[in-house]
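[1] need a structure here:
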Amino acid sequence: MSVRVRFAPSPTGYLHVGGARTALFNYLFAKKHNGSFILRVEDTDQDRNQEQSLIPLLKSLKWLGLNWDEGLSLDKNNNITSKGLYAPYSQQDRLSIYKEKAMELIKTEKAYYCFMNPEEENKQKQQAIKLGKSFRVSSPYRNRDIKTAEEKIKQGQKFSIRFKTPEQKKDYKLTDLVRGELSFPSDSLGDFILIRTDGFPVYNFSCAVDDSLMQISHVFRGEEHLSNTIKQQLIQKALGFSVPKIGHLSIILDKNKKKLSKRSGSESVEHYQKEGYLPSALMNFLSLLGWNPKTEKEFFHKKELIESFNIEGLNSSSAVFDEDKLLWLNQEHIKKLSTEKLIEILDSFIKDIQTKKTELEKLIPALRSGFKTLKHSAQILNLFLQTNFELKESALKILKWPNSKTLLTKWKIFLQESKKDHLSLEDFKKFQKESKLKGKEFFMPLRCALMGQPEGIEIKLLATLLSIETLIKRADIALKQC
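    The predicted structure follows:
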């Protein structure tokens, strides 16, 4: 069987970075083995699904560069369709398939109609708790004949369909691609539901059926799915399907060593896109969460990741989402961009960027080493590009310092006497020496007069990159506030 992997999110919100990492590992594995990467949506949970969340989720995957070979597709008008040999790829559109497979299990007596109501099941659960035992459903309908059950259904009784879990005491074994040999006690399952009373399949059933029918060869997913695996494999074997090889990835922790939350938008791929992170940097960073390339190298482009990726490097130890490392990697990826490419992708952060292209081509090479994100890059570049110079509130306080007016008056005179278009670094050092001021007394007021705020990029860069004409205009504005 050729390598076929899938990413199967539920449309319950934005693309979480944990989900993005799962998609990435599946993608890398597929591309490393010239296989196929499939995008499928698990959307049968009526209470949690948000259809409007599917479009941004697909866009985030595209932005990250995880292009799938078959599955759901998004056209220019944001219409969602299914493309591929095993379409449809939305579970909502596959309900007849699940019903057919459930009936197949009933006919072979590997599943049964169950008429237990929630109160009956809860009573069994409370009894198990009282006795200190693990809870597993014991349905009185397990061995009823099908005809009797069908009569109840005709009478309008609500029912679910349960899987008939083998009764023999036997621990379930699992060979995990990441964690090795695992064992689960036989009394941990009980007869689990396949089809709910509302007619919709549960996750484990639809997932097991889809993986098999879509010829999925390998599955890489989060460790929270470990408890689902045995159920899915029992279903697949009962239907006569082959079982895909499976690996469960480590969890991702935040800086406080707690599981990275899905409740905050700051953990979404969309958040990092809006903040100006490069997709190549985020991909690079996510690849190192739970995967060890067995080298000191940390900087990877997508092609290098595909070439280097192997499942032997995956580990089960928790990975920490280090924002500082992500920022560093992003800065390194920005450094590798050509000036032309950087101008192109700064379009959404700098207004009318094409009219400023000539100026940017001069500024970017001198400033690039200090760029952390695209948003940060734009903030720095706008200090040079802005025509309406404004002083922030924090700058006004510093301009009231005792020495500020004297310093800026000398600065303006120095600029007017300089018969150049731009100051050199030596010119700036000369003025600093002549001012007889040091530290904050020199740098803070001058920075406010140059950039309108007391913090930011190195003042020497501003003083030498801005034209003297611009420096004088800004000094005048600052002097009026002294």
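
[2] count the residues that sit near the closest residue to Pro88 other than its chain neighbours.
    Ranked by C-beta to C-beta, 6 or more residues apart in numbering and with sequence neighbours excluded, the top spatial neighbour of Pro88 is Ser82, at 4.3 Å. All C-beta atoms are positioned from the backbone trio N, CA, C, and that covers glycine. As a burial measure, Ser82 scores 18 neighbours (other C-beta atoms under 10 Å).

[3] in the protein, which segments are predicted with low confidence?
    Regions of the chain meeting the criterion pLDDT under 70 cover residues 1, 46-51, 262-266.

[4] on that earlier part again, so what's the residue nearest to Pro88 up against?
    By C-beta atoms under 8 Å, 6 or more residues apart in numbering, the contact set of Ser82 is Gly71, Leu72, Ser73, Pro88, Tyr89, Ser90, Asp93.

[5] where does it land in three-state SS?
    When classified by DSSP: H, G, I helix; E, B strand; the rest coil, Ser82 comes out as strand.

[6] can you flag the buried ones in the contacts of Ser82?
    Neighbour counting with 16 or more other C-beta atoms under 10 Å marks Gly71, Leu72, Ser73, Pro88, Tyr89, Ser90 as buried within the contacts of Ser82.

[7] in CSV: the residues you listed, plus secondary structure.
    Output for the buried ones among the contacts of Ser82, formatted as CSV (three-state DSSP):
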residue, secondary structure
Gly71, strand
Leu72, strand
Ser73, strand
Pro88, coil
Tyr89, coil
Ser90, strand
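
[8] how about these in TSV, adding distance to Asn204?
    Shown next, in TSV, are the buried ones among the contacts of Ser82 (distance: C-beta to C-beta, whole Å):
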residue	distance to Asn204
Gly71	21
Leu72	21
Ser73	27
Pro88	20
Tyr89	18
Ser90	18
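
[9] let me know the closest of these to Trp291.
    For the buried ones among the contacts of Ser82, the residue nearest Trp291 by C-beta to C-beta is Gly71; the value is 23.7 Å.

[10] strands along the stretch 101-250 of the chain, start to end?
    Secondary structure of the stretch 101-250 of the chain (DSSP state E, counting those that start in this stretch): strands at 111-114, 160-163, 172-176, 180-184, 193-195, 218-222, 245-249.

[11] got those strands as CSV, with mean neighbour count and distance to Leu471 columns?
    Shown next, in CSV, are those (neighbours: other C-beta atoms under 10 Å; distance: least, C-beta to C-beta, whole Å):
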stretch, mean neighbour count, distance to Leu471
strand 111-114, 23, 80
strand 160-163, 23, 76
strand 172-176, 14, 64
strand 180-184, 11, 66
strand 193-195, 24, 73
strand 218-222, 21, 55
strand 245-249, 21, 54
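
[12] dump these to JSON lines, plus distance to Glu298.
    Converted to JSON lines, the strands of the stretch 101-250 of the chain look like this (distance: least, C-beta to C-beta, whole Å):
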{"stretch": "strand 111-114", "distance to Glu298": "50"}
{"stretch": "strand 160-163", "distance to Glu298": "46"}
{"stretch": "strand 172-176", "distance to Glu298": "27"}
{"stretch": "strand 180-184", "distance to Glu298": "27"}
{"stretch": "strand 193-195", "distance to Glu298": "45"}
{"stretch": "strand 218-222", "distance to Glu298": "22"}
{"stretch": "strand 245-249", "distance to Glu298": "19"}
